[in-house]
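>>> sequence first, then the predicted structure:
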Amino acid sequence: REYDGFDPSKNPNSCDKIFRAQQIRNKMREGVVPPSLDFKPSTAAEAAKKGFHFYSMLQTEDGHWAGDYGGPHFLMPGIIIAWYVMGKPEELLDAHQRQMMLHYLSVHQQSDGGWGTHIESPSTMFGTVMCYVSMRLLGAPKDSEACTKAQAFISNEGGAVFTSSWSKFWLCLLGCMEWEGHNSVPPEMWLLPNWFPFHPGRLWCHCRMVYLPMGYLYGSRFVYSDAETDPLIASLRKELYNEPYDTIRWSSTRHHVAPMDNYSPIPLFMKVAQDALAVYETLWIIQPFKRLVRKFGLDFCVDYMAAEDQQTNFIDIGPVNKALNMLSAFHAAGNDAKCATVQKHIMRVPDYLWVAEDGMKMQGYNGSQCWDTSFAIQAMSECRLLDTFSETSANVWTYLERTQILSTEVSTSSPAYEFESAYNREKYYRHVSKGGWPFSTSAHGWPISDCTGEGLKGVLCLRKNSETIKQGVKDGSLNAISDERLYDAVNVMLTLQNEDGGWATYENNRGFGWYEQLNPSEVFGDIMIDYSYVECSMATLTGLAEFHHEFPYHRTKEIRHALDRGKEFMKSIQREDGSWYGSWACCFCYGCWFGIEGLVTAGEPTSSPVIKRCCEFLLSHQRTNGGWGEDFTSCYDKDYAENGMHSYGDDGSGVVNTGWALLALAAAKCDDIIAIRRGVKYLMQRQLPSGDWPQEGIAGVFNRACGITYTAYRNVFPLWALGRCIEVYGRLLNDEISDEDAVKRIQRYRQLEESGLLTRTE
């Protein structure tokens, strides 16, 4: 009742109405009563309790919170093209799914006829070519209004020869571009010795696992088997280009890219290398050698992809390599979609699909389940509501227990566990996995530093602060999580610390900064190696610090040393203006929260100049309505969005950014109580009668240039901020205390606290 119908011209972000309504209906059938629409909270504590009452109704039966993790427009086209070239198997995409996908593509087409790289992006050739081809493969007539407008957009930009390299790759697979139009992706690179300065095993795992199947398919020169006889392909060859297909000199188009796609221009060195590889691909005198090493390279790729499939239970690390690995398995099986391996891939495709009011989309992962759930339970703990919503807490415990990677009886008996041996980890370039927590599910199998840190903190806060969990573990109604399993998590985090003292995502940084000179993608920045990030560093630092508090005698020297090095790294990447750049969400409010929280939890005093400068930065960006706001341009430009969340927020502010800013300021015990009160009041005013908050602009980002949706954030972070502000500022948030009186009281509180006469509880 609180939302209008989906209108992308007002906001292209879905509200997740379908899933949320379904969950609430199911809970009401079970007798759960939703929050009263008539009750309007008058205090921050009442707002937090109502918000968690609502949010607890969205919890799934296995204990996690699900949500839309879509946004990028180049993901779903991959699975659609794979479906088409594999013979359109109904079990891969059925008629209903295809109809919903076509609807999604239709509603997100922009007025200029194009699609962006993601839902808030201006139109790009990357997004437009991928989405247009997908519409045609799904049955949209070429003379429909949508297709006609898209054709005009593509033609005005010079035709599909000016789309980016990833888009060109899919066109080659489909038979809508000749392989000569794509730069070489030689699979024999994997045969280089591991000590070689530029070895693909040194790449960031997402980059590595995408270019692995790309190398196989390129080296095999895979093309849709019916491309030359399929009338739709013949038509697309006309629709996509400004000149007749047979007259295009494909080799001369390899470096073509539209300016709108060229976010990360290919450096001269890489262009020279690509030109040299083009000679390698065609020079007759070296073809016998190339054929020999290519055969071995292709064999290695098949083996490596099979290992990735097994380790991830055929989910694979992400949606791009999921579609490419499946297509590679199809080719390796002699183009047999009924092959057992291909069928196992097909059965895992639904893990990536999500339905919202804008249709069906492919998510940026198989979900963000563990990440969102770890945050949610910590927020509930800081709101002191763990035992108020005891069933919710118990379900989270069960979920986190089952989700720890290779740590349960089921997971240790799976094929994935065999790859945890030192031999297999070295062979397939994998870091230790046992004991980590994933971004999504245990079946996915890739642990991440920050997800492990947040998962560990979620378990620790439940063990420490919930009587429900203590009693459930004691009486056997809940499975225990042994100390040894927590030690395994700590081992993962300690071994992931980089030489610079920070933490990257999945692995240690194995490469060098100059690898970015070989970035072939054009559309993404910083994809070649696994950098140390403020987010990963904070989550790991705080996870280690909280573990050390509970287990002071386990690997004591190592943990203290890691904390000291991590603190210094965090300080070293603080920007001159006091902020931290957030690499995985929008953007500086997010980075500042991670920066302050990481340092304070690791022992940095709140009086530190580092902390004070960040607080000043945040306070300088508070808007007149009391909130904070940024949009995707902060990430893209690496500069705070001048107009805040101008397009999809509330007068430039947004509830998620405000939540992050308040979490940071409260962690720093910021004395500007008026700013804190205004921020809290803003969150309370924006809370909907149901206890939910409105969906605003896109919250997530990756590789600097692509936004991604987290619908859970609009609940988790306002709630967490309310809980923390209540914990730190107490009654000073209440309206009966004037601003003037609040300022005097906090000054007095700080004096008492510094003298040791005031406890945290008081």
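Thanks, I have the structure now. Numbers count the residues shown, from 1 in each chain.
>>> how about the strands in the stretch 101-250 of the chain?
Using DSSP state E, counting those that start in this stretch, the strands of the stretch 101-250 of the chain run over residues 115-116, 123-124.
>>> give the pairing partners of the first one; include direction for each.
Using DSSP bridges, the strands paired with strand 115-116 are strand 123-124 (antiparallel).
>>> mind checking how far the partner strand is from the chain centre?
Distance of strand 123-124 from the chain centroid (CA atoms, centre = their mean, to the nearest Å) equals 21 Å.
>>> repeat that for stretch 490-505.
That offset, for stretch 490-505, works out to 20 Å (CA atoms, centre = their mean).
>>> wait, Arg208 touches Trp190, no?
No: Arg208 lies out of contact with Trp190 (CB atoms under 8 Å); the separation is 9.9 Å. For glycine as for every other residue, the C-beta is placed from the backbone atoms N, C-alpha and C.
>>> residues shared between the contacts of those two?
Jointly contacting Arg208 and Trp190 under the rule CB atoms under 8 Å, 6 or more residues apart in numbering are 200-201.
>>> so what touches the worst-scoring helix or strand of the chain on mean pLDDT?
Ranked by mean pLDDT, DSSP states H and E, the weakest helix or strand in the chain is helix 739-754, scoring a mean of 83. With contacts defined as CB under 8 Å, 6+ apart, helix 739-754 is touched by 669, 671, 673-674, 677, 729, 732, 737, 758.
>>> mind listing what's buried in that helix?
742-743, 745-746, 749 (16 or more other CB atoms under 10 Å).
>>> reformat those into TSV and put distance to Ile81 next to each item.
Putting these into TSV (distance: CB to CB, whole Å) gives the following:
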residue	distance to Ile81
Ala742	59
Val743	61
Arg745	63
Ile746	59
Tyr749	61
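>>> ok, the residues you listed vs Glu522, which is closest?
Distance to Glu522 across these (CB to CB) is lowest for Ile746, with 51.2 Å.
>>> what sits up against the longest helix seen in the chain?
When the chain is parsed with DSSP state H, its longest helix is helix 287-311. Contact partners of helix 287-311, identified using CB under 8 Å, 6+ apart, comprise 186-191, 209, 212-213, 215-216, 219-220, 280-281, 316-317, 321, 325, 328-329, 332, 341, 344-345, 415-416, 418-419, 424, 427-428, 430, 433, 445.
>>> ok, stretch 220-229 next?
Against stretch 220-229 from outside (CB under 8 Å, 6+ apart): 84-85, 172-176, 179, 230, 233, 298, 327, 331, 335.
>>> from the contacts of helix 739-754, which land in helices?
Reading helices off the contacts of helix 739-754 with DSSP H, I get 673-674, 677, 729.
>>> low pLDDT regions in the stretch 1-150 of the chain?
1-5 (pLDDT under 70).
>>> show me where it has its helices.
Per DSSP state H, counting those that start in this stretch, the stretch 1-150 of the chain carries helices over the ranges 17-29, 44-56, 76-85, 95-107, 125-137, 145-156.
>>> so how far is the shortest one off the chain centroid?
Average the C-alpha atoms of helix 76-85, do the same for its chain, and the two points are 22 Å apart (CA atoms, centre = their mean).
>>> show me what it is packed against.
Under the contact criterion of 3 or more CB pairs under 8 Å, 6 or more residues apart in numbering; DSSP states H and E, helix 76-85 touches helix 95-107, helix 125-137, helix 165-174, helix 319-332, strand 359-362.
>>> contacts for that helix?
Under the contact criterion CB under 8 Å, 6+ apart, helix 76-85 has outside partners 89, 92-93, 101, 104-105, 130-131, 133-134, 137-138, 170, 173-175, 224-225, 319-320, 322-324, 326-327, 330, 349, 352, 360-362.
>>> quick one: buried residues of that helix?
By 16+ other CB under 10 Å, the buried positions in helix 76-85 come out as 76-85.
>>> just the angle between that helix and helix 125-137, please?
With axes from the mean of the first three to the mean of the last three CA atoms, to 10 degrees applied, the angle from helix 76-85 to helix 125-137 works out at 40 degrees.
>>> closest one of the buried residues of helix 739-754 to Lys638?
Nearest to Lys638 among the buried residues of helix 739-754 is Ile746, at 34.5 Å by CB to CB.
>>> quickly note the distance from the closest one to Leu494.
Note on Ile746: its distance to Leu494, by CB to CB, to the nearest Å, is 39 Å.
>>> shouldn't Gly215 be in contact with Asn183?
No: under the criterion of CB under 8 Å, Gly215 is not in contact with Asn183, lying 11.9 Å apart.
>>> more neighbours, the two?
Neighbours were counted for Gly215 and for Asn183 using other CB atoms under 10 Å; Gly215 has more, 26 against 20.
>>> and the more buried one, how far is that from Trp170?
Taken as CB to CB, the span from Gly215 to Trp170 is 15 Å.
>>> still on that earlier bit, of the contacts of stretch 220-229, grab the buried ones for ChimeraX.
The ChimeraX command for the buried members of the contacts of stretch 220-229 (criterion: 16+ other CB under 10 Å) is given here:
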select :84,85,172,173,174,175,176,179,230,233,298,327,331
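>>> re earlier: mind putting the strands of the stretch 101-250 of the chain into a markdown table with mean neighbour count?
Output for the strands of the stretch 101-250 of the chain, formatted as a markdown table (neighbours: other CB atoms under 10 Å):
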| stretch | mean neighbour count |
| --- | --- |
| strand 115-116 | 27 |
| strand 123-124 | 25 |
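>>> out of these, the one nearest Ser56 is which?
Among the strands of the stretch 101-250 of the chain, if distance is taken as CB to CB, the winner is strand 115-116, at 35.0 Å.
>>> off-centre distance for that closest one?
Worked out by CA atoms, centre = their mean, strand 115-116 lies 19 Å from the chain centre.
>>> residue contacts, the nearest residue to Pro141 once chain neighbours are set aside?
Excluding its sequence neighbours, the residue lying closest to Pro141 (CB to CB, 6 or more residues apart in numbering) is Cys147, at 6.6 Å. Each residue near Cys147 by CB under 8 Å, 6+ apart is listed here: 132, 135-136, 140-141, 239.
>>> in TSV: these, plus distance to Phe375.
As requested, the contacts of Cys147 are exported to TSV (distance: CB to CB, whole Å):
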residue	distance to Phe375
Tyr132	37
Met135	36
Arg136	40
Ala140	39
Pro141	45
Glu239	45
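>>> name the member of those with the most neighbours.
Ranked by the number of neighbours (other CB under 10 Å), those place Tyr132 first, at 29 neighbours.
>>> pretty sure that one contacts Gln151?
Yes: using CB under 8 Å, Tyr132 is in contact with Gln151, at 7.4 Å.
>>> which of the ones in helices among the contacts of helix 739-754 are buried?
673, 677, 729.
>>> what score does the last one have for pLDDT?
Here, the pLDDT recorded for Tyr729 equals 94.
>>> for Trp628, what are its contacts?
Applying CB under 8 Å, 6+ apart, the residues contacting Trp628 are 589, 618, 621-622, 644, 653-654, 657-658, 660-661, 679.
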